[in-house]
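S.K.: Sequence and computational prediction follow.
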Amino acid sequence: MATQPASALQNVGKLSPLQLIDRSRQGLIGTEAGRVAGLLDVSDKDMARLLNQSVATFHRQAKLQRLDAATSERLLLLARLAIYGATVFQDQGKFTRWLRRPLRLLADRSPLDLLDSTTGIQLVEDILGRIEYGVFS
């Protein structure tokens, strides 16, 4: 059973692109970063890397009332990906294990290695779509 997202992450998988932009411009609460880390089953060090931050900055931002738009957008995209992955694999644990597995399709890099860029997030989302619909390459 997939972990249910809480608060601002609720229904993130159903947001239209414009709603996602609006939500990120409003800024997420700093504690949402920890929730996303939980969905992806990553450490603070890994989460800081995914947000292109130092661990110290990540911890400092976790205490903020509102995160900046860029960080909020990245968190929303990562949360949406985590929810989609858990749906495709029908299990959060299977998805997070898959994230760590090197894939030939990704030049033997793991999907997790690519999640520090929006292009990488989109690429992993596309691969999940292939898996969901049984399109192998």
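M.R.: Structure's in. What do you need?
S.K.: Please count neighbours and contacts with C-alpha atoms only from this point.
M.R.: OK.
S.K.: for Leu20, phi and psi?
M.R.: phi -60, psi -40 (degrees, to the nearest 10).
S.K.: Could you do Ala107 as well?
M.R.: Backbone geometry at Ala107, expressed as degrees, to the nearest 10, gives phi 60, psi 40.
S.K.: Please name the residues that touch it.
M.R.: By C-alpha atoms under 8 Å, 6 or more residues apart in numbering, the contact list for Ala107 is empty.
S.K.: And it, how far from Leu115?
M.R.: 15 Å (C-alpha to C-alpha, to the nearest Å).
S.K.: show me where pLDDT drops low in the protein?
M.R.: 1-8, 136-137 (pLDDT under 70).
S.K.: switch the cut-off to 80
M.R.: The chain contains residues with pLDDT under 80 at 1-8, 10, 64, 136-137.
S.K.: Mind listing what's buried along the longest helix that the chain contains?
M.R.: Taking DSSP state H as the criterion, the chain has its longest helix at helix 69-89. Using 16 or more other C-alpha atoms under 10 Å as the test for burial, helix 69-89 gives 69, 71-89.
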